[in-house]
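Participant: structure, please.
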Amino acid sequence: QVQLQESGPGLVKPSQTLSLTCTVSGGSLTTSYYYWSWIRQPPGKGLEWIGGIHYEGSTVYSPSLKSRISISRDTSKNQFSLQLSSVTPEDTAVYYCTRGRVGQDEYDYWGQGTQVTVSP
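Facilitator: Below is the predicted model of the structure:
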């Protein structure tokens, strides 16, 4: 059973960088053909895909966030991380880490989600 667990600060000040880590257990970040994504849900809105990192290490980002986002991984710890710079209150959301399969639009495993609030 694959498990994902998000961790990071729940409160970030405007203009700062939001940093989250997803720890994966029961599965490896390098297993073909999976990719590992970050998805968020702002209050009262739908899910928004932010970006992801593939099993071979390549990254893909949402065009709307590409200038502010960085996703990386530490295979020795089986963790992948999100950094979102220059945050505003519009970045307030529940952030999820997920696993998907290359070529498919579905995610078979999700973390429980972590609330991040951007506020002074």
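Participant: now the residue nearest the centre of the chain, what are its backbone angles?
Facilitator: Centre of the chain computed as the mean C-alpha position; nearest residue by Cα atoms, centre = their mean is residue 38, 2.4 Å away. Recorded main-chain torsions at residue 38 are phi -110, psi 130, according to degrees, to the nearest 10.
Participant: need the contact list for it.
Facilitator: Contact partners of residue 38, counting by Cβ atoms under 8 Å, 6 or more residues apart in numbering, are 20, 22, 49-52, 71, 82, 95-98. Backbone N, C-alpha and C define where each C-beta goes, glycine included.
Participant: against residue 116, how distant is it?
Facilitator: With the distance defined as Cβ to Cβ, to the nearest Å, residue 38 ends up 11 Å from residue 116.
Participant: what touches both of those two?
Facilitator: With contacts taken as Cβ under 8 Å, 6+ apart, residue 38 and residue 116 have 20, 95 as neighbours in common.
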